[in-house]
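Trainee: Coordinates for the following, if possible.
(one chain, ligands or ions: 1)
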Amino acid sequence: MKSAVDTQALIEENQQLHAEMQDLLEQARINQQIMQRHQAFDLRLIGSGEFRDLIETVSLLMPNTFNLEIVTLTLIDHDFDIRRILQDLQIGLDEYPNLLFHVEGSTPLPQDKPTLGAYDLALHKPLFPSYQPASVAVLPLMRHQNPIGCLALGSAHEGRFTGNLATDFIERLASVVAICLENVINNERLKHIGLTDPLTGVNNRRYIEQRMQEEIGRAQRERSALSCLFIDIDHFKRVNDKFGHQSGDDVLREVATRIKKELRLSDSLGRYGGEEFIVLLTQATVHDAARIAERIRASVAQQAILIAGADEALQITVSIGAAAQMPPDRSIPADIARQKLVARADEALYRAKESGRNRVVLAD
Ligand SMILES: Nc1nc2c(ncn2[C@@H]2O[C@H](COP(=O)(O)OP(=O)(O)OP(=O)(O)O)[C@@H](O)[C@H]2O)c(=O)[nH]1
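Mentor: Residues are numbered from 1 along each chain as shown. Prediction:
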């Protein structure tokens, strides 16, 4: 027969076991929640179709999911290839302070294995320009054995990332991010190719029409000014006939470059047809448009264009028709407003040609 003492010990042991089981259950519940959060994060990451999605997932969702103070993504883009595409697609880098670009010649990014440990100002400042964590994990992003950038995880806790922590989990995370990154960059590249004129590198007609429609809609809503320039190279057929098609192509490229130089970042330039370009000037009245058009005309006319194979530089001029959409009429659908604006600029261009070329004419 068991004594009262034995019974009491049994009860206490039972209570102890019960408490341990409750702890284990609680731990399992927390683990399950963490796993679900990680799975949701993986799905968002893998589902990123555009650059914007990926950057937002990495810089906003990732710190939340993994309990971090900051996550930054540094890309290797020494030839500015990625930045040019993002700029042309109107993806403003200012919107993403945690997206960084490695500076050529500065401390090389880690390759192969992640590095974990305490924050080191000299080493980590470029990866965390706006926040100083206590401990960091720097994960190399590799594709086909080549480094494409790095992911930097920052925690406010000193003990979070230490040299002896197993790295399998974060290595897997880095390889998923690297694949997703390559995928979104390729998607944006394809989009860019579809909207770019291969000869001059400026936007093509499809892009400029699309952009005009958006900007006209915005100008109508915000009651802001918007102008359009229709630019045509004078006697371009003579260039082709006299110096060959290749020289004609060189002239087209140089004229596109000179036009672009006179524009602000918010303006758009597109090749509209053979030797025709359209410029869309946002927040620009007819006076602004006339001033910019005159600058473009002068920049083409003032300096002859050097052509490979030709003995002398070619004197090229352009004629420009300018039309402003002011005040924007909200009752007209944006596509009709776009066609009207282009038609008015085209009509002004016709008058510029008729009245002697190498001039700017404003639409009525
Ligand atoms: N090299 C080259 N020529 C092109 C291209 N696209 C169109 N052209 C040529 O551009 C010329 C346009 O000639 P026209 O429309 O007669 O006009 P223009 O000679 O510029 O005369 P005006 O506009 O009246 O001053 C044609 O000879 C086309 O073959 C191109 O991609 N490359």
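
Trainee: what's around the closest residue to residue 362 other than its chain neighbours, how many residues?
Mentor: Excluding its sequence neighbours, the residue lying closest to residue 362 (Cβ to Cβ, 6 or more residues apart in numbering) is residue 322, at 5.2 Å. Every C-beta, even on glycine, is put in place using the N, C-alpha and C of the backbone. When neighbours are counted by other Cβ atoms under 10 Å, residue 322 registers 30.

Trainee: ok, now residue 18?
Mentor: 10.

Trainee: tell me which element it is part of?
Mentor: helix 4-46 (DSSP states H and E).

Trainee: how far out from the middle of the chain is that helix?
Mentor: 45 Å (Cα atoms, centre = their mean, to the nearest Å).

Trainee: What residues does residue 253 make contact with?
Mentor: Contact analysis of residue 253 by Cβ atoms under 8 Å, 6 or more residues apart in numbering lists 199-201.

Trainee: which among those residues end up buried?
Mentor: Buried residues within the contacts of residue 253, defined by neighbour count using 16 or more other Cβ atoms under 10 Å: residue 200.

Trainee: Among the contacts of residue 253, which one sits closest to residue 160?
Mentor: Using Cβ to Cβ, residue 201 comes nearest to residue 160 of those, at 46.0 Å.

Trainee: Look up how far residue 261 lies from that closest one.
Mentor: 13 Å (Cβ to Cβ, to the nearest Å).

Trainee: Would you map the helices across the chain?
Mentor: 4-46, 51-56, 62-65, 81-88, 121-124, 168-194, 205-222, 236-243, 245-261, 286-302, 334-354 (DSSP state H).

Trainee: who's in contact with the last one?
Mentor: Defining contact as Cβ under 8 Å, 6+ apart, one finds that helix 334-354 is touched by 209, 212-214, 216-217, 220, 226, 228-232, 234, 278, 319-323, 325, 328-329, 332, 359-364.

Trainee: near the ligand too, which of these?
Mentor: 232, 234 (Cβ under 6 Å from any ligand atom).

Trainee: Show the model's pLDDT score for residue 301.
Mentor: Residue 301 carries a pLDDT value of 97.

Trainee: Surely it is in contact with residue 317?
Mentor: Yes. If you go by Cβ atoms under 8 Å, residue 301 and residue 317 touch, sitting 4.9 Å apart.

Trainee: shared neighbours, these two?
Mentor: Common neighbours of residue 301 and residue 317 (Cβ under 8 Å, 6+ apart) are residue 358.
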